[in-house]
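>>> what shape does this take:
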Amino acid sequence: MNFPQSSDAIPLIGTTLGGVVVGVFAANGFTAFRCGLEWETLAAGALGLVGGLLAYRAATTQQRAIEERNAFSFGVRTDSQRKQGIAAINEVLQTRFDGNFYSAAGTFLRNAVPEIQKALVGNEPLPRDLAKMVARTSHLLIAIVAHIEAVEKRRAAIPTIANTPCDRTSDAPRLRENFERLISCLHEMDEYFRFPHEHLLGSSS
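Numbering: from 1, shown residues only. The predicted model follows:
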């Protein structure tokens, strides 16, 4: 069973309380509260609450329709880039911890990263779950790019370490971990678009 989000429930709660108050006033002939208010004033207030709720629901329904349309467009537009990115990351992860590891990472940086970054731009706003996936993927890409560029700069400045094994205690394991997180994000997106209705339903629950 899907329950409304707290932001969606606030107008409904307000309308319900307004209706209860109006009912109490009507049942007691206004004697219990001795406020001297007129029935027409209370009725107008209650109708205003109902109208506000209907307007709010219409706006949120339209927003969700826009997000779902953008999600569909995003999924179609980025399908090939996601698959290419997953294949490129797998190549890096299959490389041993030696000089070839950073060579493979550098190839990923120059060939795959621009395509993935370009795919992640546009089609906003997106459904909440998908927007979180895109944000995590973008942050991981930034971290990976910064890491590879720093290592390439250091290794270029010291030619004697250009082909030596990677530092197992710092550089390579940490970078590998970020690659594993990145490929997990891309797989998560693939899963999202494989069963989009479940995610979209969950976002609106």
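
>>> so for stretch 124-142, what gets flagged as buried?
Buried residues in stretch 124-142, counted by 16 or more other C-beta atoms under 10 Å: 126-127, 130-131, 133-134, 136-137, 140-141. Just so you know, the C-beta spots here come from the backbone N, C-alpha and C atoms, and that holds for glycine as well.

>>> helices and strands of this protein: which one bottoms out on pLDDT?
One helix or strand of the chain scores below all others by mean pLDDT, DSSP states H and E: helix 196-203, with a mean of 52.

>>> I'd like the next helix or strand past the longest helix along the chain.
The longest helix of the chain (DSSP state H) is helix 39-93. Note on helix 39-93: by DSSP states H and E, the next helix or strand toward the C-terminus is helix 99-111.

>>> just the angle between that following helix and helix 39-93, please?
On the basis of axes from the mean of the first three to the mean of the last three C-alpha atoms, to 10 degrees, helix 99-111 is oriented at 130 degrees to helix 39-93.

>>> and helix 99-111, what's buried?
101-102, 104-106, 108-109.

>>> cool, stretch 149-156 as well?
Quick answer for stretch 149-156 (16+ other C-beta under 10 Å): 151-152, 155.

>>> so which of those residues comes closest to Ile183?
Of all these, Ile183 sits closest to Val151, with 19.6 Å by C-beta to C-beta.

>>> which SS state does the closest one fall under?
Of the three states, Val151 takes helix according to DSSP: H, G, I helix; E, B strand; the rest coil.

>>> my guess is it contacts Tyr102, does it?
Yes. Look at Val151 against Tyr102 with C-beta atoms under 8 Å: they come within range, at 5.8 Å.

>>> show me what contacts Gln117?
138, 141 (C-beta atoms under 8 Å, 6 or more residues apart in numbering).

>>> ugh, wrong one, I meant Leu141
Leu141 touches 113, 116-117, 120, 182, counting by C-beta under 8 Å, 6+ apart.

>>> out of those residues, which are buried?
113, 116, 120, 182.

>>> can you say which two of those residues are spatially most distant?
Greatest spatial distance in the buried ones among the contacts of Leu141: Leu120 and Leu182, 11.8 Å, computed using C-beta to C-beta.

>>> between these two, which contacts overlap?
137, 141.

>>> low-confidence bits of this protein, can you list those?
Residue ranges of the chain with pLDDT under 70: 1-44, 46, 56, 98-99, 159-170, 196-205.
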